[in-house]
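Peer 1: here is my input, please return the structure:
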Amino acid sequence: MISKDKQWDTSTRGAISALWFNLTATARLQPSLLVLVILYSLLRAGLPLVGVLLPKYVLNGLAEGRTLPQLLPLALIAAVLSAALYFLSEGVYLLMRKGDPLLDLRFEKLLTKKSCELNFRSLEDPETLAALQSARVGQSTMGNVSYILSYHLPGMLTQLFTLLSMSYVLLQLDWTVLLAMAVCTFLSVLLVRRHSRAQTEFRLQMGDINRVYLYLCSLYQDYSNGKDIRLFHASPMIGGRIDRFNRECGALEAACDRVLMWCSMGEGALGYLQTGVVYAAMLGQLFRSGLGIGDFVAGAAAAAAFSAAFTALFSRATEALACSRMLAPFKDFLSLPVGVSGEAEDVPRTEPMELRFEDVSFTYPRAESPTLRHLNLTLKPGEKLAVVGENGAGKTTMVKLLLRLYEPDEGRILLGGRDIRTLSPEAYASLFSVVFQDFRLFAFSVAENVALDRLERERLEKALEQAGLTETLAKLPQGADSLVSKQFDEKGVEFSGGERQKIAIARALYKGAPIVVMDEPTAALDPLAEAEIYDHLGALVGGRTALFISHRLSSCRFCDEVAVFEKGTVTQLGSHEALMAQDGPYRRMFSAQAKYYN
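Peer 2: Numbering: from 1, shown residues only. Okay, the predicted model is just below:
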């Protein structure tokens, strides 16, 4: 989980650290791209060097009395060399660009993989979600690693190699020129740092705004929101919030642009100052020491190339530093500790095992009071346990702890006498078939939504039949291969809420795990479909251990025991008949529901 007071390191050192982290990741994911960047930079830096040295030798040759036939081969060699450097560099650049999309996908995969490894508790935390959004912004079109590698880094290396070669040419003429360049360089660095920091602060401020802004825009794009937005006239409220965010973004951008404008003007002035200093020094050399015309022209050309390369280098450096600072959230997000850990060993599945909560307490992040308080509960092998209680009593939280989506703050959960935190997370998860209260179906086929992993047709048909979907799917042209929703194909099917819930139940049955967990499994079903599910509950579950959460207390008749939750702990435990014989919360809740059916 991200600290509430987390501030990304936007210093130059932090930017370099983030860039180095991403470059080393690139070296692992796609090492050939770095080789191509260096090769391209060397080839491009050779072009201005040829342009500076050719006039020097030609003019000096003319001054020495050489003829055209003597100088022509030199010009031809320079022309061929320039053409070769240009076309080779362009070919290398095309190879670089070809690898960019693949690198973007690999970095996006790193973010997705990391998101799946984090604690579920962290993924429900706004600070972690904001960190993920900032990481994605850092990998956006103008700030991602592939953009830095294909645009900023080659440009910087090219200009750097050009500066080195031009420095050598100038050093042969007058060392004071380089001293003047060093002073101007120092002043430019100060402006570059301010320029870069302004860009970074703006983009990081936009991270949280973008997360909310994109959510608001997505409300209009999600088909399922249309009814509520129209019937409750929610469009003005949503549109008003979008307008407010647009105004906030405009104000932030204007403030950033003012800083960038002054920094750019200062950088430009320093560039012109460099050119003036160089020409003054060169003229002094010409009159004092009789500098050759070829050397003078070469020096002037080298000075111009040096000045242009210097300006371009720090212009690229400004943007590269800003982009590199934007990679800090990406680096920090990937450095977050993974969610759950355990011994890399299998969980025995040869015989049913007891599940037991021992003095378990849990509090949600930034919640004032615990949701579960010293919970003690045992789920015996093969037992069907119903969990009931008012909203907020801790029933769903208990399920999330059982499934290791969360870890207890206090106490422990045991499987066959072993703390589940010591078990392999993957092996432990394979023990459960689950229907969540807020289950999700994907825009895949029904068959893919049920199987998710390895599709076996005979097993699929059995699960669909047990969930009561066979007749529904038989009416569709593509049967179980029909797409769920019209999101990507107009031939997709918009299933009703009850049908969608049956698909989720079929998914749990298809998995065939030894422990079945159903959180409000029939909430969206009509009374007849619900009765059919519970009538066949024994056949559906078989001898497996089962845990049911439901507000419809009639379902408790089909279970061996009922656990009543109140304020995060169990206040009653027993069979339906035993609890109805007591004057307690279970009988009061059951009677309150039953009176509407009598």
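Peer 1: helix or strand for residue 592, which one?
Peer 2: Assessed by DSSP states H and E, residue 592 sits inside helix 585-594.
Peer 1: ditto for residue 428
Peer 2: Element membership for residue 428, per DSSP H and E: helix 425-429.
Peer 1: show me what contacts residue 155?
Peer 2: Residue 155 sits next to 312-313, 316 when contact means Cβ atoms under 8 Å, 6 or more residues apart in numbering. Every residue, glycine included, has its C-beta placed from N, CA and C.
Peer 1: same check, this time on residue 212
Peer 2: residue 245.
Peer 1: same question, residue 573
Peer 2: Contacts for residue 573 (Cβ under 8 Å, 6+ apart) come out as 377, 561-564.
Peer 1: out of these, which is nearest to residue 553?
Peer 2: residue 562 (8.4 Å; Cβ to Cβ).
Peer 1: that's a strand at that closest one, yeah?
Peer 2: Yes - counting by DSSP: H, G, I helix; E, B strand; the rest coil, one finds residue 562 located in a strand.
Peer 1: any idea of the pLDDT on it?
Peer 2: Note on residue 562: pLDDT of 92.
Peer 1: quick check: it vs residue 401, distance?
Peer 2: 20 Å (Cβ to Cβ, to the nearest Å).
Peer 1: and for residue 305?
Peer 2: Applying Cβ to Cβ, the value for residue 305 to residue 401 is 67 Å.
Peer 1: again with residue 218
Peer 2: Residue 218 is 31 Å from residue 401, by Cβ to Cβ.
Peer 1: which residues sit in contact with the nearest residue to residue 495 once chain neighbours are set aside?
Peer 2: The spatial neighbour of residue 495 that comes closest, neighbours along the chain excluded (Cβ to Cβ, 6 or more residues apart in numbering), is residue 484 at 6.5 Å. With contact taken as Cβ under 8 Å, 6+ apart, residue 484 is in contact with 441-446, 449, 492-493, 495, 500, 503.
Peer 1: by neighbour count, which of those wins?
Peer 2: Within these, neighbour counts (other Cβ atoms under 10 Å) peak at residue 446, which reaches 27 neighbours.
Peer 1: tell me the centre residue of the chain?
Peer 2: Nearest residue to the geometric centre of the chain (Cα atoms, centre = their mean): residue 111, 4.1 Å.
Peer 1: correct me, but it touches residue 133?
Peer 2: No - the criterion here is Cβ atoms under 8 Å, and residue 111 misses it with residue 133 at 10.7 Å.
Peer 1: three-state assignment of residue 440?
Peer 2: Going by three-state DSSP: residue 440 is coil.
Peer 1: what's around it, how many residues?
Peer 2: Neighbour count for residue 440, taken as other Cβ under 10 Å: 8.
Peer 1: all the strands of the stretch 251-400 of the chain, residue numbers only.
Peer 2: 355-362, 372-379, 384-389 (DSSP state E, counting those that start in this stretch).
Peer 1: can you lay out the ones you listed as CSV showing mean neighbour count?
Peer 2: Formatted as CSV, these follow (neighbours: other Cβ atoms under 10 Å):
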stretch, mean neighbour count
strand 355-362, 19
strand 372-379, 19
strand 384-389, 23
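Peer 1: out of these, flag the one nearest residue 516.
Peer 2: That would be, of those and by Cβ to Cβ, strand 384-389, which comes in at 8.8 Å.
Peer 1: put the alpha carbons of the closest one into CSV.
Peer 2: Extracted in CSV, the C-alpha atoms of strand 384-389 (Å, rounded to 0.1, in the frame of the first residue of the first chain):
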residue,chain,number,x,y,z
LYS,A,384,-22.8,-26.7,4.3
LEU,A,385,-22.6,-23.5,6.4
ALA,A,386,-24.9,-20.5,5.8
VAL,A,387,-23.7,-17.1,7.0
VAL,A,388,-26.4,-14.5,7.6
GLY,A,389,-26.5,-11.0,9.1
